[in-house]
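Peer 1: I'd like to go over a predicted model; first the sequence, then the structure.
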Amino acid sequence: MTTRCQVNGRAVEVNADPSTPLLWVLRDELGLTGTKYGCGAALCGACTVHVDGDPVRACITPTEFAAGKRVRTIEGAGDDRIGRALQAAWIALDVPQCGYCQCGQIMSAAALLRTHPRPNDAQIDEAMAGNLCRCGTYDRIRAAIRQAAQSLA
């Protein structure tokens, strides 16, 4: 079946079973490998993308859910000022260690800053709770979100 949507501002058409997880269409069909497979059960956040501006776990989201919608992956995160501010803060504060989870972390943080431009610690913690970092860079992630929010203010 053909699914049509926009991915990072570009109209795409993919031929995949509608129940195929969006993650595999993004990675295998479209070559957008920034979105990572972590747990396959929506528990770690490594696969976070935005669909019509909302963060979703691509590992459990069927491709048919994206039909007619706007999908943004980490490859498109820098296309707006929030994504650029987060990327700059991540670099300035040297957030990643292994880096595997960071794409999902940035995508979750971008969704947070769209809804709460000046988030407090509780809002940050709530928005980021579903993103696991095996390296434990949570303090740097929180600091980078604060720095990005400040630079956007």
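Peer 2: Looks like it came in fine.

Peer 1: what segments of the chain are strands?
Peer 2: Ranges of strands in the chain, per DSSP state E, are 2-7, 10-15, 48-51, 54-57, 70-72.

Peer 1: need those strands in a markdown table (columns: mean neighbour count).
Peer 2: The way it works is simple: take the backbone N, C-alpha and C, and place the C-beta from them, glycine included. Output for these, formatted as a markdown table (neighbours: other Cβ atoms under 10 Å):
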| stretch | mean neighbour count |
| --- | --- |
| strand 2-7 | 17 |
| strand 10-15 | 12 |
| strand 48-51 | 24 |
| strand 54-57 | 19 |
| strand 70-72 | 22 |
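
Peer 1: any chance of the ones you listed in CSV, plus distance to residue 104 and mean pLDDT?
Peer 2: Output for those, formatted as CSV (distance: least, Cβ to Cβ, whole Å; pLDDT from 0 to 100):
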stretch, distance to residue 104, mean pLDDT
strand 2-7, 17, 97
strand 10-15, 21, 96
strand 48-51, 4, 98
strand 54-57, 9, 98
strand 70-72, 13, 98
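
Peer 1: which stretches of this protein have low pLDDT?
Peer 2: Across the chain, nothing is flagged by pLDDT under 70.

Peer 1: so it: which segments form each domain?
Peer 2: The record's domain split for the chain, according to automatic domain parsing, is 2-76, 78-152.

Peer 1: report the contact partners of residue 133.
Peer 2: 101, 105, 141 (Cβ atoms under 8 Å, 6 or more residues apart in numbering).
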